[in-house]
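Visitor: My questions are about this predicted structure, shown below with the sequence.
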Amino acid sequence: IERSMAVLTSAEVVDQAEAAYIQGTYKIALTYNLTAYTDAVSLATVETDEINTGDGGYARLSYNYSSSDLATYKNGQPFTEKIAEFVHDGSSTEIRFNHVVLLRDVSGTVTVVGFQTLDQVAVLTNGSTARIKINILHGAQ
């Protein structure tokens, strides 16, 4: 008889989520590339595609997770939603992007955590704002 374990306990998923996500600083980058990203997208590609710092007032936004950001377990370990708000500075340079990329910096080592490809290219001009909701669900089954 062959048996395998198929389900992690909710306590184990919580422990894994804390170990994986409650470290370092998270940064949200906006990128533009008409080639679709895959789950193997590299940091080098993200940095090449990233909007130039200062264009339209663009700069990466950052935040951290703490243990208090762990929400009640439900088919995976959800984290409290974070919101990134990019505001165009009113200059003549637009902010044009079609990917939102989540990076993690732990003691100077930056890794790509995830990304979202937009259905269409977003363009920020004349003080317009993009509000991006960051939701992570760790260990969903």
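Guide: That came in fine, so what should we check first? Bear in mind that the values here come from a model prediction, so they are computed numbers and not experimental data.

Visitor: Only the buried residues of stretch 84-94, if you could.
Guide: 84, 86, 88, 94 (16 or more other Cβ atoms under 10 Å). Bear in mind the C-beta positions are built from the backbone N, C-alpha and C, glycine included.

Visitor: For the last one, give me phi and psi.
Guide: Note on residue 94: its backbone torsions stand at phi -90, psi 160 [degrees, to the nearest 10].

Visitor: Over to the second one?
Guide: Here the main-chain torsion angles of residue 86 (degrees, to the nearest 10) amount to phi -100, psi 130.

Visitor: Just name the closest of the buried residues of stretch 84-94 to residue 55, please.
Guide: Minimum distance to residue 55 across the buried residues of stretch 84-94 is 7.8 Å, recorded for residue 94 (Cβ to Cβ).

Visitor: contacts for the longest helix seen in the chain?
Guide: Ranked by number of residues, the top helix in the chain under DSSP state H is helix 10-21. With contacts defined as Cβ atoms under 8 Å, 6 or more residues apart in numbering, helix 10-21 is touched by 8, 65, 67, 70, 73, 76-77, 79, 136, 138-139.

Visitor: neighbours of residue 118, just the number please.
Guide: Neighbour count of residue 118, defined by other Cβ atoms under 10 Å: 13.

Visitor: cool, residue 50 as well?
Guide: A count of nearby residues for residue 50, using other Cβ under 10 Å, gives 19.

Visitor: Turn the contacts of helix 10-21 into TSV, columns for pLDDT, secondary structure and neighbour count.
Guide: Listed next are these as TSV, based on pLDDT from 0 to 100; DSSP: H, G, I helix; E, B strand; the rest coil; neighbours: other Cβ atoms under 10 Å:
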residue	pLDDT	secondary structure	neighbour count
8	75	coil	13
65	95	coil	21
67	91	helix	9
70	90	strand	18
73	84	coil	16
76	83	coil	14
77	87	strand	24
79	92	strand	18
136	89	coil	20
138	85	strand	17
139	77	coil	17
